[in-house]
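[1] Take a look and give me a structure for this.
(2 chains)
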Amino acid sequence: MDFPIFHIDFIGNRMLIAVDAILHVIINHALAVGALPVIALLELSGIRTKDPRWDRLAYRLLKIIFIITTTVGALTGVGIWFSASLINPAAIGSLIRVFFWGWFVEWIVFVSEVSLIMAYFLSWQSSARTPEAKLKHLRLGIFLAAFSWITMAIIVAILGFMMDPGNWMSERTLISGVLNPMYFPQLAFRTTLAMVMGGMTMICLTYLFTRNDLPFRTTVLRAISSWSGIWMLALIIASVWYYRVIPQHMLANIPVAVTTQEYVSWNSSLKWLLTIGLSFVGWVLWSSVRHPGQVHGAKYLASVLLLFAMLGQFERVREFIRKPFIIGNYMYANGIRVEDYPLLQRDGILQHATYAGIREVTADNKVAAGREVFEQTCTRCHTVNGINSIRGQLKTMYGDKPWQPEVIAAYIENMHGARYFMPPFPGNKAELDALSVYLASQQKRATAFNGAQTNGIPKPDKISASTVYGTLPNLANPHGEQQ
Amino acid sequence: MTAPIPRDIPLPLPAPEGLLEILLIAAFLVHILFVHLMIGGSMFSLVCQIRGLKIPDYEKLAYRIMQTVTVNKSLAVVMGVAPLLIINTLYAPQFYASSALIGDMWMAVIPLVTLAFLLAYAHKFWWNHFLNIPELHIGIAALETVLFLVIPLIFMTNVNLMLFPEYWPKVTGFFSAMLLPNVLLRYLHFVSATVLFSSLFFVWWAGRKTFRIEVQFSELRVIDVRRFFYAFAFGATIFQILTGLMVFVSLPAQGMSWGFTVLLMLGGLVVLPAIWWMWQNLTRPGHLLDDNFKQILTCFACAAIIMGIARHDYRENALADHKAAIAEKTINYQAAVKEAGEQAQLAAIKAKENDVAAPGATAFNQNCAACHHATLPTVGPALQEIKEAYANNPDGIAAWTKAPGKKRPDSMKMPGFPQLSDDELTAISQYILSH
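    Down below sits the predicted model:
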């Protein structure tokens, strides 16, 4: 409403964030949080056994970690900011206001993390000169592992807050946001999952790198497998905890009946994935501890993929739970605050959207006005022709029968009741009609839908350019606020 | 003013505005320093590598320079996060708007930087793999440098656009924003600063005691290398002043003020002694490159700080009216939201009273209305149809709703509602039949 609407109609806005974020989370968990402790462990073993092969292996692994985390890893992290601020500026802007200092601390930790990984990696060769230097170097590695965990711990607080603002709704302080009820189960689950993921990823790479030295392979794989096995036990406990705490807490907050149902099916698929995933990975680790030379590389690879899938499912459930909000109970995924709804539904959203080009629906402008309403209320999640396209959705619902505006309107008016993931329609009756007419008009011939990055914004009109718009004296007039 | 006036995020700033502004200026200066070193390093490495085709020692130099890029590029990114965070906080309505208006190029920053970094790693980590194919190696270096040079142009376009809300309605896409007055001149000014700061850095860097051992030239003398950079630094300083003047002349009037002008002049004046010293060191026999080096650096550091403050001052001047208007509108809007909220609450209470007359209406609207319309078949059949099928049979409706079957071939399966109590189901069924 308060920002020009960026829109990519092909892959869709949500997909853009999702791809970037998933890539980032996988790299962060598997190659930073979970892998760095393994590197330090290998370096320590090298110092203890005085066998240079440990050190060489650790360095090779670290080189891969370094290259990926400081390029794709770091930039997908920044990319989450970029994409979120393009796609839902109201949400990211609000989160920043609340969590500024959290993010600031996060930034300081992040700077330390990057400095440490550069120091750790770039001084690896030169530290080999004296034993004291080597021990100092190892200490760098331990610090690095700790900092990358702290970075994650802070972000988890922010994610937990988005799911469920807990006391924040009444208290509005940073600390109440951090201490929300989701925090500890999530953190425990993520930490242990990351450790197992990191261990498994390192096992895979080690398997590859030691193919010409089988005795050494056996020793190393046993060491990393034992380390990961311990985390595996912790992961099982954390999964049970997470699985027991989160859903109950969330179910209590889901008012819509149908949601509960879909939730049950989601939840059971999560349960299955967790059960199968944990048993398989646990079994691979167990055999790998006992007979490290005999486990085939494909099993390790399958374990890594299963762990990625578990993480992916975990993120999806997290997303699911959050819907239809982007900040629990405070702001819907369309970027509109819950509090704003009565005003928008009374006056119409076009009256209040700064960058709208049409303010009032008339008999002649229904399609054009409907497009604007669609832009304001649906495009954060739907495209016209791309992923999760509204044409596709309507086609599934109504097929090739002529799409009737009245039928579509009847659906949209109540869609939040049946489709938990969608927020209620935030406009007035006339806008609902216009939207339905616009949607029905898309059956035969879809018009290309471009965002502000292509179309620009309309010339400011009286509503957009004035500050008195919406002032109290005008409120006596229920039909809009123009002077 | 014909600028659009959005509303601000209706949450308080996390810290006093002044503190955030100081943090912004400081964090931005640090960020931009590493950006200069990163881009300059990439450029100089390319230049040296090309010279290395004739004089092999320059190739060794190019390799050493790339080692600094590896570090500086990572610092440039992490140091950029803080100013980004603060800009997001202080200038949300402006910054998000300008970002959206050039959205595709803005988003492209992420893959472009990633690609540039990966190229830089390929360039450096595989140095020896390319010994026999220098063309390819130089090609990679050139592509990396070009990318490094394009990215600041996108940033420049965005931070320029956010300053001038009255231009927003004129902008359609990145290129129209890039061609707004001043962007390209500012960019030129930026690039010459890159050459200036990075070549100064390399003068110092090549003057370290360990440099000679690290680089192991066979013929080239370290002093020649340092002179090479020194000459660049001097030339870039002159160029920097000229482009600075052009930027000043072409700056839109919105942000001009005497304070800003004085700051700029001060920033320019501080550099003059540095120019004098550098000129002497370059041309006078008996002068060493290291003469007055600390003083020269201090001059440039002061100039950079003053320019950083001036830059912020211009932004604040340019946006002062817009910010005030936004604040006013936000307050007015919040008042309207509150009023409408209260109105809606009253209406809801009234509706509850009506509900007594029609029990089941609320439960129906909450659970069923999305799929069942009074007269139109929507997702499920219309109420009319249900009424006909279940006339005088409310229990049938209740039973179906608890555990629906599958009847109509061309519609989806209705979800069951086992969680509704029998009382609720009876009320809903009666409501449907009496509707």
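[2] Around chain A, which positions in the stretch 151-300 of chain B sit nearby?
    Along the stretch 151-300 of chain B, the residues adjacent to chain A under the rule Cβ under 8 Å from any Cβ of the partner chain are B:168-174. For glycine as for every other residue, the C-beta is placed from the backbone atoms N, C-alpha and C.
[3] In ChimeraX, how would I select just the buried ones from those residues?
    The ChimeraX command for the buried members of those (criterion: 16 or more other Cβ atoms under 10 Å in any protein chain shown) is given here:
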select /B:168,169,171,172,173,174
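[4] Out of the residues of the stretch 151-300 of chain B next to chain A, list just those in helices.
    Cross-referencing these against helices under DSSP state H gives residue B:174.
[5] For chain A, state which of the residues of the stretch 151-300 of chain B next to chain A is nearest.
    Nearest to chain A among those is residue B:172, at 3.9 Å by Cβ to the nearest Cβ.
[6] can you list the weak-confidence ranges in the stretch 51-200 of chain A?
    For the stretch 51-200 of chain A, residues meeting the criterion pLDDT under 70 lie at A:162-174, A:176-177.
[7] Could you spell out which stretches of chain B belong to which domain?
    Domain assignment of chain B by automatic domain parsing yields the ranges B:17-333, B:361-434.
[8] ugh, wrong one, I meant chain A
    Under automatic domain parsing, the residue ranges defining each domain of chain A are A:13-332, A:344-458.
[9] Same list, those, but as TSV with mean neighbour count and distance to chain B please.
    Compiled in TSV, the domains of chain A are given as follows (neighbours: other Cβ atoms under 10 Å in any protein chain shown; distance: least, Cβ to the nearest Cβ, whole Å):
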stretch	mean neighbour count	distance to chain B
domain A:13-332	19	3
domain A:344-458	19	3
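[10] worst-scoring helix or strand of chain B, pLDDT-wise?
    Every helix and strand in chain B was compared by mean pLDDT, DSSP states H and E; the lowest is helix B:361-367, with a mean of 81.
[11] Show me what it is packed up against.
    helix A:257-290, helix A:405-418, helix B:293-357, helix B:422-434 (3 or more Cβ pairs under 8 Å, 6 or more residues apart in numbering or on different chains; DSSP states H and E).
[12] who does the shortest one touch, helix- and strand-wise?
    If you count contacts as 3+ Cβ pairs under 8 Å, 6+ apart, helix B:422-434 packs onto helix B:361-367, helix B:383-389, helix B:394-402.
[13] Okay, buried residues for it please.
    Taking 16+ other Cβ under 10 Å as the neighbour-count basis, helix B:422-434 is seen to contain the buried residues B:424-433.
[14] Among these, which one lies nearest to residue B:384?
    For residue B:384, the closest of those turns out to be residue B:432, at 10.1 Å, with distances computed as Cβ to Cβ.
[15] got the contact list for the closest one?
    Contact criterion Cβ atoms under 8 Å, 6 or more residues apart in numbering or on different chains gives B:360, B:364, B:383, B:386-387, B:390, B:397 as the residues in contact with residue B:432.
[16] Same question for residue B:30.
    Contacts for residue B:30 were tallied using Cβ under 8 Å, 6+ apart; they are residue B:79.
[17] Now do the same for residue 237: its pLDDT.
    Let's take chain A. Per-residue confidence for residue A:237 comes out at a pLDDT of 94.
[18] wrong one, chain B
    Residue B:237 is assigned a predicted lDDT (pLDDT) of 97.
[19] quick revisit: buried subset of the contacts of residue B:432?
    The neighbour-count test (16+ other Cβ under 10 Å) applied to those identifies B:360, B:364, B:383, B:386, B:390, B:397 as buried.
[20] Which residue comes closest to the spatially most central residue of chain B once chain neighbours are left out?
    With distances taken as Cα atoms, centre = their mean, residue B:84 lies nearest the centre of chain B, 6.0 Å away. For residue B:84, ignoring the flanking residues on the chain, the nearest one in space by Cβ to Cβ, 6 or more residues apart in numbering or on different chains is residue A:81 at 6.6 Å.
[21] With residue A:63 instead?
    Here the nearest residue to residue A:63 in space, its sequence neighbours aside, is residue A:121; by Cβ to Cβ, 6+ apart that works out to 7.1 Å.
[22] Might one say that the one you found is in contact with residue A:66?
    Yes: look at residue A:121 against residue A:66 with Cβ atoms under 8 Å: they come within range, at 4.5 Å.
[23] hang on, the earlier thing: pick the one among the contacts of residue B:432 closest to residue B:54.
    Residue B:54 has its nearest neighbour among the contacts of residue B:432 in residue B:364, at 85.9 Å by Cβ to Cβ.
[24] show me the contacts for the closest one.
    Listed by Cβ under 8 Å, 6+ apart, the contact partners of residue B:364 are B:428, B:431-432.
[25] backbone phi and psi for residue B:256, please?
    Dihedral pair for residue B:256: phi -70, psi 150, per degrees, to the nearest 10.
[26] okay, now the nearest residue in space to it that is not next to it in sequence: neighbour count?
    Here the nearest residue to residue B:256 in space, its sequence neighbours aside, is residue B:317; by Cβ to Cβ, 6+ apart that works out to 7.0 Å. Neighbours of residue B:317 under the rule other Cβ atoms under 10 Å in any protein chain shown: 17.
[27] Need the pLDDT of residue B:317.
    If you check residue B:317, the pLDDT there is 95.
[28] cool, the one 5 residues further on as well?
    The predicted structure scores residue B:322 at 94 on the pLDDT scale.
[29] State the distance from it to residue B:254.
    According to Cβ to Cβ, to the nearest Å, residue B:322 and residue B:254 sit 9 Å apart.
[30] what element comes up after the helix or strand hosting residue A:440 heading to the C-terminus?
    Of the helices and strands defined by DSSP states H and E, residue A:440 is found in helix A:429-441. For helix A:429-441, the following helix or strand on the C-terminal side (DSSP H and E) is helix A:452-455.
[31] For that next one, the averaged confidence score.
    Summarised as a single mean, pLDDT over helix A:452-455 is 94.
[32] Then stretch B:124-143?
    Rounded mean pLDDT across stretch B:124-143 is 94.
[33] what's the answer for stretch B:332-345, then?
    Summarised as a single mean, pLDDT over stretch B:332-345 is 92.
[34] How about the secondary structure of the closest residue to residue B:312 other than its chain neighbours?
    Closest residue in space to residue B:312, ignoring its immediate chain neighbours: residue B:25 at 5.3 Å, by Cβ to Cβ, 6+ apart. Under the three-state scheme (DSSP: H, G, I helix; E, B strand; the rest coil), the conformation of residue B:25 reads as helix.
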